[in-house]
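Undergrad: what's the 3D shape of this:
(5 chains)
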Amino acid sequence: MSGTRSALSRLGLDTGKKARLTRILFEYGLGNGTAMFLPYDQGLEHGPRDFFANPPASDPRYVVKLAQEGGFNGIVVQIGLAEKFYWDYAGEIPLVLKLNGKTDIPSDAEALSPLNATVEDAVRLGADAVGYTLYVGTPAQAVDFEQYRRVRQDAARLGMPLIVWAYPRGAAIEAKGGRDSFYAVDYAARTASELGADVVKVNFPHPERTTAVKEPYERDFTSQQAIDAVVRSANRTLVLVSGGSKAGDEAMLDKARQSMAAGATGLIFGRNVWQRPHDESLRFVDSLRKILSEYPSEVS
Amino acid sequence: MSGTRSALSRLGLDTGKKARLTRILFEYGLGNGTAMFLPYDQGLEHGPRDFFANPPASDPRYVVKLAQEGGFNGIVVQIGLAEKFYWDYAGEIPLVLKLNGKTDIPSDAEALSPLNATVEDAVRLGADAVGYTLYVGTPAQAVDFEQYRRVRQDAARLGMPLIVWAYPRGAAIEAKGGRDSFYAVDYAARTASELGADVVKVNFPHPERTTAVKEPYERDFTSQQAIDAVVRSANRTLVLVSGGSKAGDEAMLDKARQSMAAGATGLIFGRNVWQRPHDESLRFVDSLRKILSEYPSEVS
Amino acid sequence: MSGTRSALSRLGLDTGKKARLTRILFEYGLGNGTAMFLPYDQGLEHGPRDFFANPPASDPRYVVKLAQEGGFNGIVVQIGLAEKFYWDYAGEIPLVLKLNGKTDIPSDAEALSPLNATVEDAVRLGADAVGYTLYVGTPAQAVDFEQYRRVRQDAARLGMPLIVWAYPRGAAIEAKGGRDSFYAVDYAARTASELGADVVKVNFPHPERTTAVKEPYERDFTSQQAIDAVVRSANRTLVLVSGGSKAGDEAMLDKARQSMAAGATGLIFGRNVWQRPHDESLRFVDSLRKILSEYPSEVS
Amino acid sequence: MSGTRSALSRLGLDTGKKARLTRILFEYGLGNGTAMFLPYDQGLEHGPRDFFANPPASDPRYVVKLAQEGGFNGIVVQIGLAEKFYWDYAGEIPLVLKLNGKTDIPSDAEALSPLNATVEDAVRLGADAVGYTLYVGTPAQAVDFEQYRRVRQDAARLGMPLIVWAYPRGAAIEAKGGRDSFYAVDYAARTASELGADVVKVNFPHPERTTAVKEPYERDFTSQQAIDAVVRSANRTLVLVSGGSKAGDEAMLDKARQSMAAGATGLIFGRNVWQRPHDESLRFVDSLRKILSEYPSEVS
Amino acid sequence: MSGTRSALSRLGLDTGKKARLTRILFEYGLGNGTAMFLPYDQGLEHGPRDFFANPPASDPRYVVKLAQEGGFNGIVVQIGLAEKFYWDYAGEIPLVLKLNGKTDIPSDAEALSPLNATVEDAVRLGADAVGYTLYVGTPAQAVDFEQYRRVRQDAARLGMPLIVWAYPRGAAIEAKGGRDSFYAVDYAARTASELGADVVKVNFPHPERTTAVKEPYERDFTSQQAIDAVVRSANRTLVLVSGGSKAGDEAMLDKARQSMAAGATGLIFGRNVWQRPHDESLRFVDSLRKILSEYPSEVS
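TA: Coordinates of the predicted model:
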């Protein structure tokens, strides 16, 4: 019972959001309504240690060029790299400005990702979408939702698509099955939809992680059933599935296939791409593109 | 002594303006750095009388489709049509939101084109540029400049390219050679540049209109010399040459050729296009495209 | 070549405007997508002289009750009557708050209708639409457009349908064929559409008034051809045709029939209704309702 | 009875204005407390006709390079050229952003120079001073003073030196001796000082123009006496003397010598410089520099 | 594998930031694109105890004169000293206004440096850059990032270069290798770059501190390898290396040499300079200048 992706014209989008998403999905990448984004905010989220596997990747220019060579639909960066590097490539590849972020040095028990930039910064830089990390389940939920609300309102006022990184996180999540359980990911996808995200980025759900999750999630589900359910929970919010830390290729490609079959719009793979040597990156991306090419949408 | 068009990277553009202009010039139309815009604000500027020559053109959908069929780089409309019609085509063809406009019913002696929309409206609608009509030489100059300044500042703040319709107009212009003289058009192009336009739309200059113009313009100049000078006066402001009212085809194509040879970026032809029957429009547009294809730029 | 009315879902309306217009068009009156409004701002626009023909009509309660008895889709009043009388009928009949208005004591040569209330007043009073008089062609055009722009932006921000009374007016109009010529009415309808009205109220055009109008309007047109063209010029802006000063019944009913055949959404008849004795009013309104009942729309 | 220039530390300047003026006067040009500015806003004020005498001067790059080669203390441009060209030379030569300007097409009888940019624009661009044209004596005085007041307040708040182009202008001035009379220039210098200019730019006074001037100016004065008086009228407002339209070299150098002897801080020569062929420009500038080198100040 | 410093024109700087940095780097100090700043905020950060080693250094005038004698490119002070002392030297040496600061009396476990001044204060005082201390890794990260964001946006709006003191600090850092580890300094440099600093001040990294650091930093690295990596992590953010507390001269000069070889732009040495007796200070500064003179850049 896999899913079908809705046309952009059926998502309740206003003109500006529809214009910008149409551009991302139909003018760049495969141009078939699917999307592959290259996130590059790990220098802030994890520190430069993520670049030791492939040192050239510490240079933002290397990564932007990789995104262009690989036919990505957009790159995702924090304000500093956007200000310093995007001018060189402006308009040649869509920019997703990540509006919040943090280091991983302090404890994540009360995770909160502070705003480093505004939707107006994104407009000024010619970005086609903004990203916001919402830590679903964090004890700092009240501050997070309040901060998110202002971003959502600015995005609505300026017609800017809002991509929510819906990350189950914090002490309470760890006590209720952990951040990757089907329960947690499904709840996160629905939370983003309930709070007005245009697109939601989720990690692939693990239905086998049933310890301490809510009762309905204790039953047996296949991976496909789980990701199907997550995409349904997101309803008219488009779904991007993330790659997470670098893992085995076949496992990654399986997740990608199942996600697209479920009705996801695309993939957002970072470390799995740029932590590889250059040519191997492109070969891996090519495998992902083949999968995406099998799930086209009509232009709205 | 014809000219060369500057690369976008040499124009002093900030990131957002560069992103949006790159998109217009390299992702749409011929994708070669030239541009052909279809203006459709005559319903306000002249009234529906302009549609009697080809009645289907009174329907905005007809004109947007024509722009798509003809491979235009963008359409130019007022806020009302943008709000009501652009959603259907959002992101499929760039939108230039014309921010001011007026009817031609009151006298033009003290011409002033009032603001009907803001740069923020353009952002919200996903437009890639805004247009402003500046009546160069009007006795209402102080009000016009003041109104323009706020538009320029908003455009700078939001990274939105600003296209200035630089129209010599008003009683003083009529007394000093008229609106189409080389003197008037040259001064208008320079004024737009001095006041910070990113792109300037001018009418093709008439060097033979020398009555009452300033002394240096009384000499003999060819059309090519005149348009060369106008493009130089605009310096780093990109130049679009307008078609004006419908005229003989060969005359129009000659103007187009001379403009592109002078270093103009493109053409903005409205009535000359959509006042013709549908297929004849496309044939005429095809002739224009052939000219543009001979003047490519490198992507910056 | 008469027209078809567009469904509300095809007009580019945002959610709030669609909700309020659906309420007006499908929950009140005939509930069939047509509309009949009772305007009652003549006490300001003309003074109490308009009530001498039927003195009870000087009492707002009389007129609101008449609107209810006659099955109108809404009443149109200025802020003062809305504040003092609408509470009694709040929610029982839709309120259209007229935001600007003026006396007819000073000359109309540079006509301008100043704001007396805001869109936020309309929200506070539970109104389902606002009205704005735009004097198309007035020498005060710059001030009028500027004032209108702020109303349009407030209406967009608050999801409030904006009905524009598009009235050709001022010395230049009088010199170019007068306010009721086909040329003037057609231009007015288009201007409202270009400037973003959701609904436009026009007077019925007089194609026989050809003195001093622009050339294409000098030809022979029937009334039906003229009103067809006006509705097309308004494109996705819904059209209401006004009754103007009290006239012969058959002439009025003919205009109504031609308007609805042309694709208008409805009628806005004031003096023609409430200047008659009570029961005669209702008989006349009944004739109008019969016409409207022949032009139903599907609920979107 | 020639004058002495005050030290910067005796002018009542706050920290930011003192910092920026010190930079202009002691870090650039001769570095001796004198100044030579190259104004380049004639493309707006007069139109491109001013460039016909030396066509390369229509290119802003030519003029900025000339300013660098000639050892000027700053260039003066409008916002458009500042935005498009100053980045290339940012910090290498001080920028004076001219905040207002106009075309010379409409009549000057009620001269008013509208604002095209703000002091905050100047800060953002790294300018070291702003320029404002005040039309002393214009019938539009009330609007001019009001507009000026806001500039002065912004300049004070942001520590930005304010250079006032004090130009006698308008019908009343023409009726009272004309714009260059000793009477008019003296009044203009004092007006700038009374209204809070940090620096005032004046034309060299003509004491021989006595027709219709106020009585005390009807007597016999030498040029030196006149310019001495003008500098005294400016008191703690530094004085720059302008070159005006291109004139005989010896006459120009005489004016320069008399101005510096009177206690002026420097010269602001535009057309007299860049309307000459390149090498002749530099030779002329060298003559000016020799004069300035004879009038050093101590660093405050 | 040491590095090369990028030209200012390749850093994605807007006009105002480029103007001010060009001034600092090419008009003051050695004028060769390197920089030596004299920080003097220790009276707040540590209290007057820092002045006991050389009592004259408690007088701001002593320190500013030392900066002038030593040929520094700028002094760094808090708002109070800027207000009281900079007027005397305004424009003679660039001012870096430190916008936040704190005493060292409370615990640093949740370190946060509150704002004491704004970017607008810096503009008003004629400063050429602002400084902000970001405590990378502090549990107060959310407040710190939020406070920083507003400074970054003001600096962008006003074209003011932003120097970030990127200091690893707080309980979590102490538990993960401490503030001077290569891991901590590298992460801090990258954080400043990701968040949009124009210049970052770091402490020299200690690769030998490997206890509890992230895995890739446990390997063997030389000092040169470590500082090379830090400069690469900062990418287009210019790097200043700090002297920290007074240490052995040869050790300090070695660090300076390695930093410049790595591609740093310069040094920021305070206590190491002004805690020495006057003449010894100047001798030490002279040794630093010799190093800087070996690493010139071209003016952009």
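
Undergrad: if you look at the helix ranked longest in chain A, does any of it touch chain B?
TA: With residue count as the measure and DSSP state H as the assignment, chain A has helix A:141-158 as its longest helix. Yes - Helix A:141-158 comes into contact with chain B (Cβ under 8 Å from any Cβ of the partner chain), by way of A:Arg157, A:Leu158. Heads up, the C-betas are built off the backbone N, CA and C, glycines and all.

Undergrad: in its sheet, what does whichever helix or strand comes after that helix sit against?
TA: As assigned by DSSP states H and E, the chain's next helix or strand after helix A:141-158 is strand A:162-168. When pairing is defined by DSSP bridges, strand A:162-168 lines up against strand A:129-136 (parallel), strand A:199-203 (parallel).

Undergrad: Please list the residues of the stretch 101-250 of chain A that sit near chain E.
TA: Near chain E, when you scan the stretch 101-250 of chain A using Cβ under 8 Å from any Cβ, you find A:101-103, A:105-107, A:112, A:114-118, A:121, A:143.

Undergrad: let's go with 7 Å and repeat that
TA: Residues of the stretch 101-250 of chain A lying close to chain E (Cβ under 7 Å from any Cβ of the partner chain) are A:Lys102, A:Thr103, A:Ile105, A:Pro106, A:Ser107, A:Leu112, A:Pro114, A:Leu115, A:Asn116, A:Ala117.

Undergrad: most surrounded residue in those?
TA: Within those, neighbour counts (other Cβ atoms under 10 Å in any protein chain shown) peak at A:Ala117, which reaches 27 neighbours.

Undergrad: who touches it in this structure?
TA: A:Ile79, A:Leu97, A:Leu99, E:Arg149 (Cβ atoms under 7 Å, 6 or more residues apart in numbering or on different chains).

Undergrad: Can you give me the neighbour number for the first one?
TA: Spelled out, it's A:Ile79. 26.

Undergrad: With the third one instead?
TA: Neighbours of A:Leu99 under the rule other Cβ under 10 Å: 29.

Undergrad: Tell me how far it lies from E:Thr133.
TA: As judged by Cβ to Cβ, to the nearest Å, A:Leu99 and E:Thr133 stand 23 Å apart.

Undergrad: Kindly report the same for the first one.
TA: Distance, A:Ile79 to E:Thr133, by Cβ to Cβ: 19 Å.

Undergrad: cool, and the last one?
TA: Using Cβ to Cβ, we find E:Arg149 at a distance of 15 Å from E:Thr133.

Undergrad: next one: A:Glu110
TA: 24 Å.

Undergrad: Buried ones in stretch A:234-244, by neighbour count?
TA: A:Ala234, A:Thr237, A:Leu238, A:Val239, A:Leu240, A:Val241, A:Ser242, A:Gly243 (16 or more other Cβ atoms under 10 Å in any protein chain shown).

Undergrad: Can you flag which of those belong to strands?
TA: A:Leu238, A:Val239, A:Leu240, A:Val241, A:Ser242 (DSSP state E).

Undergrad: is any part of the longest helix of chain A close to chain C?
TA: No - against chain C, helix A:141-158 shows no contacts by Cβ under 7 Å from any Cβ, the least distance being 8.5 Å.

Undergrad: now that helix: mean pLDDT?
TA: Predicted confidence along helix A:141-158 averages 97 (mean pLDDT).

Undergrad: what does it rub up against?
TA: Counting by Cβ under 7 Å, 6+ apart, A:16, A:99, A:112, A:115, A:118-120, A:123, A:130, A:132, A:134-135, A:138, A:162, A:195-196, B:123-124 sit against helix A:141-158.

Undergrad: could you redo the last one with a cut-off of 6 Å?
TA: With contact meaning Cβ atoms under 6 Å, 6 or more residues apart in numbering or on different chains, helix A:141-158 is reached by A:Leu112, A:Val119, A:Val123, A:Tyr132, A:Leu134, A:Tyr135, A:Leu162, A:Gly196, B:Val123, B:Arg124.

Undergrad: How far does that helix sit from its chain's centre?
TA: 18 Å (Cα atoms, centre = their mean, to the nearest Å).

Undergrad: orientation of it relative to strand A:162-168 in degrees?
TA: Interaxial angle, helix A:141-158 versus strand A:162-168 (axes from the mean of the first three to the mean of the last three Cα atoms, to 10 degrees): 160 degrees.

Undergrad: buried set for helix A:141-158?
TA: A:Gln141, A:Asp144, A:Gln147, A:Tyr148, A:Val151, A:Arg152, A:Asp154, A:Ala155, A:Ala156, A:Arg157, A:Leu158.

Undergrad: got the angle for the one helix or strand A:Leu38 maps to vs strand A:129-136?
TA: A:Leu38 belongs to strand A:35-39 when elements are defined using DSSP H and E. Between strand A:35-39 and strand A:129-136, the angle comes out at 70 degrees (the same axes, to 10 degrees).

Undergrad: show me where pLDDT drops low in chain A?
TA: Residues of chain A that meet the criterion pLDDT under 70 lie in A:1-2, A:244-247, A:300.

Undergrad: could I get the ones in strands among the buried residues of stretch A:234-244 as TSV with distance to C:Gln258?
TA: TSV is the format used below for those (distance: Cβ to Cβ, whole Å):
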residue	distance to C:Gln258
A:Leu238	48
A:Val239	52
A:Leu240	54
A:Val241	58
A:Ser242	61
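
Undergrad: Can you give me the end-to-end span of stretch A:41-60?
TA: 10 Å (Cα to Cα, to the nearest Å).

Undergrad: ok, now stretch A:152-169?
TA: 21 Å.

Undergrad: And the helices in chain A?
TA: A:15-22, A:42-45, A:60-69, A:79-85, A:119-124, A:141-158, A:171-175, A:182-194, A:223-234, A:249-261, A:271-274, A:278-293.

Undergrad: and the first one, does that touch chain B?
TA: So the one you mean is helix A:15-22. Yes - interface with chain B: helix A:15-22 contributes A:Thr15, A:Gly16, A:Lys18, A:Ala19, A:Arg20, A:Thr22 (Cβ under 6 Å from any Cβ of the partner chain).

Undergrad: Point out the other helices and strands that that helix packs with.
TA: Here helix A:15-22 touches no other helix or strand, going by 3 or more Cβ pairs under 6 Å, 6 or more residues apart in numbering or on different chains; DSSP states H and E.

Undergrad: Export the residues of helix A:15-22 next to chain B as a markdown table, with columns for neighbour count.
TA: Below are the residues of helix A:15-22 next to chain B laid out as a markdown table (neighbours: other Cβ atoms under 10 Å in any protein chain shown):
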| residue | neighbour count |
| --- | --- |
| A:Thr15 | 25 |
| A:Gly16 | 28 |
| A:Lys18 | 27 |
| A:Ala19 | 29 |
| A:Arg20 | 22 |
| A:Thr22 | 22 |
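
Undergrad: So which of the residues you listed is the closest to chain C?
TA: Closest approach to chain C among those (Cβ to the nearest Cβ): A:Thr15, at 7.9 Å.

Undergrad: Could you measure from A:Phe26 over to chain B?
TA: Separation of A:Phe26 from chain B (Cβ to the nearest Cβ, to the nearest Å): 7 Å.
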